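this one's structure only:
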């Protein structure tokens, strides 16, 4: 059965006769009106409010957790900054060591060149010395033989 506004008005008039104006008004307020499906009741609003309070509390908890996470991330960021500075220092030290090794390498190359020159000179001297030694040995041998033959000849 479909209830329209005229049926509601008739019911109100009957209730006013039986119960009086005020009780009839209270009772009519409790009854649904046409299109009341679109309207929220006080209990609906209170229920939504209670849910919103629960959601608000959860959001507050999440906000606190995010604050904690943010603080932890700040700590991690500070530690990473310290590590970055340490790596920069290590990198600078390694660059210094690299430059020192380059200088040492250049010195070794100079020393190596000197050794090569000295080796070449020694090889030349050694070759000359060997020749001198051989010729001296031959000369001594011949002199010795000559002296030996001379001594034999005089005896």
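All right, it came through fine. The structure displayed is predicted, hence computed values, not measured ones. Numbers count the residues shown, from 1 in each chain.

please make it C-alpha for all contacts and neighbour counts, starting now.
Noted.

the chain: helices as residue ranges?
Using DSSP state H, the helices of the chain run over residues 5-18, 21-30, 42-154.

mean pLDDT and mean neighbour count for the ones you listed - can I get that in CSV?
As requested, the helices of the chain are arranged in CSV below (pLDDT from 0 to 100; neighbours: other Cα atoms under 10 Å):
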stretch, mean pLDDT, mean neighbour count
helix 5-18, 86, 13
helix 21-30, 84, 13
helix 42-154, 87, 12
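
for residue 147, see how far away residue 137 is.
Residue 137 sits 15 Å away from residue 147, going by Cα to Cα, to the nearest Å.

what does residue 21 give?
From residue 21 across to residue 147, the span is 172 Å (Cα to Cα).

over to residue 19?
Shown here: residue 19 relative to residue 147, a distance of 173 Å by Cα to Cα.

residue 132 now?
22 Å.

centroid-nearest residue for the protein?
In the chain, the residue lying closest to the centroid (Cα atoms, centre = their mean) is residue 80, at 7.3 Å.

and it, what does it touch?
Contact analysis of residue 80 by Cα atoms under 8 Å, 6 or more residues apart in numbering lists nothing.

and residue 44, by the same measure?
For residue 44, the contact set (Cα under 8 Å, 6+ apart) is empty.

could you rerun that using 10 Å?
Going by Cα atoms under 10 Å, 6 or more residues apart in numbering, residue 44 touches residue 50.

what does residue 141 give?
135, 147.

over to the one 10 residues further on?
By Cα under 10 Å, 6+ apart, the residues touching residue 151 are residue 145.

separation between it and residue 56?
134 Å.
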